[in-house]
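In: I'll drop the sequence and a predicted model, then ask my questions.
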Amino acid sequence: QGNMAFTGKYEFEGDENYDDFVTKIGLPSDKIEMGRNCKIITEVVQNGNDFTWTQHFPGGRTTTNTFTIGKEADMETMGGRKFKAVVKMEDGKIVADFPNYHHTAEICGGKLVEISVASGAVYKRTSKKIA
């Protein structure tokens, strides 16, 4: 995997089980519509165990989470909620527990694969590397 495995810019390619998942985490319906098949660009800068993880949404909204593996960090959810989490690295995957879901991210065949699990709903988002 290497140290800088995650660094890059990724464009949303596809997802599975979106509606079930966002309903389970209680996203309001306007946010659900906005996020469906949303061409999110995810930009990751990895420097050893330090990460800056930015998501650019169509229309100019941006969310950035900065964290260090193994240390508590201030984070923000898809829905804009602020919380604290300790981000871990397990088998080359980034693992974090959000307030109402469990999230992993890994690089698989040059793609960024993110899986979020809430109350049994498994949401998978795949993004292809563009830079």
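Out: Looks like it arrived, so ask away.

In: give the buried residues for stretch 53-66.
Out: 53, 55-56, 63, 65 (16 or more other C-beta atoms under 10 Å). To be clear about C-beta, it is placed using only N, CA and C from the backbone, and glycine gets the same treatment.

In: for stretch 66-80, same thing?
Out: For stretch 66-80, using 16+ other C-beta under 10 Å, the buried residues are 67, 69, 73, 75, 77-78.

In: hmm, who's touching it?
Out: With C-beta atoms under 8 Å, 6 or more residues apart in numbering as the test, stretch 66-80 has contacts from 25, 27, 31, 35, 49-53, 63, 65, 82-89, 94, 96, 98-99.

In: state the mean pLDDT of it.
Out: Stretch 66-80 shows a mean pLDDT of 89.

In: begin at 186, not 1, for the rest of this chat.
Out: All set: I'll call the first residue 186, so the last point we hit is now stretch 251-265.

In: can you give me the end-to-end span of that stretch?
Out: The first residue of stretch 251-265 is 15 Å away from its last residue (C-alpha to C-alpha, to the nearest Å).

In: quick revisit: PyMOL command for the buried members of the contacts of stretch 251-265?
Out: Of the contacts of stretch 251-265, the buried ones go into a single PyMOL selection, burial set by 16+ other C-beta under 10 Å:
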select buried, resi 210+212+220+236+238+248+250+270+272+279+281+283
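
In: now what about stretch 298-316, what contacts it?
Out: 193-203, 205-210, 225-227, 283, 285-292, 295-297.

In: where are the low-confidence patches of the protein?
Out: The model of the chain has pLDDT under 70 over residues 186-189, 263-264.

In: can you map out the strands along the chain?
Out: Assigned by DSSP state E, the strands in the chain fall at 193-201, 226-232, 235-241, 247-253, 257-261, 267-271, 273-275, 278-282, 287-293, 296-303, 306-314.

In: if we can go back for a sec, next, give me the two most distant ones among the buried residues of stretch 238-251.
Out: Farthest-apart pair in the buried residues of stretch 238-251 is H241 and N250; separation 13.2 Å (C-beta to C-beta).

In: now do the contacts for K194.
Out: Contacts of K194 by C-beta under 8 Å, 6+ apart are 226-229, 314-316.
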